[in-house]
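> need a structure here:
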Amino acid sequence: MQLIPGVVQAQLDGPVPATEFGHMPHPVDPAAVRETEEKLGVAFPQGYVTRMTRSNGGDLVIEGEEWSLHPFLDSSEAAHIERTEYDIVQGTVDAREWEVFPPGGVAIASNGMGDELVFLPDPQRAGLLQPNVFMWSHETGEIDEVAKDFGELK
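Purely as a prediction, here's the structure:
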């Protein structure tokens, strides 16, 4: 995956770059977040929701590896539907087809090679996802924490 030349990597306090497909992330209505939460039966961490409602999608760089965030499905306009069609729900459904995907995990980003960034269920609070972000390997099933909170990622 390549970032578009001249576009800075995603920062929570700055502009978010276009994705590899040239689509600029855009704000999304919180109703789209609630719809996704209902479909998956989870509640996303607040820091993640805040960032994604401001800029639905974009790229992250973690340890030199580029990750494309799965957006929330945005049905507000035809162009937004097309850009967000492969959303968090579809990314999660696809990842859950792997036997080694963590139970209850939600895929939030892909490196384009099968691995995913995921949120895991909070073991103390049913229906809530932990704020920690994990990298899941589709080859081994290993999960490694990459951030205590989504807000740490740039």
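> Where do the helices of this protein begin and end?
Ranges of helices in the chain, per DSSP state H, are 30-40, 46-54, 78-84, 88-95.
> what's the least confident stretch among the ones you listed?
Of all these, the minimum mean pLDDT falls on helix 78-84 (a mean of 69).
> quick one on the thing from earlier: format the helices of the chain as TSV; extra columns: distance to residue 132 and mean neighbour count.
For glycine as for every other residue, the C-beta is placed from the backbone atoms N, C-alpha and C. Formatted as TSV, the helices of the chain follow (distance: least, CB to CB, whole Å; neighbours: other CB atoms under 10 Å):
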stretch	distance to residue 132	mean neighbour count
helix 30-40	17	16
helix 46-54	11	17
helix 78-84	25	15
helix 88-95	17	19
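> can you redo these as CSV with distance to residue 65?
As requested, the helices of the chain are exported to CSV (distance: least, CB to CB, whole Å):
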stretch, distance to residue 65
helix 30-40, 25
helix 46-54, 19
helix 78-84, 23
helix 88-95, 17
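> right, so of those, which gets closest to residue 122?
Nearest to residue 122 among the helices of the chain is helix 46-54 (12.8 Å), distances taken as CB to CB.
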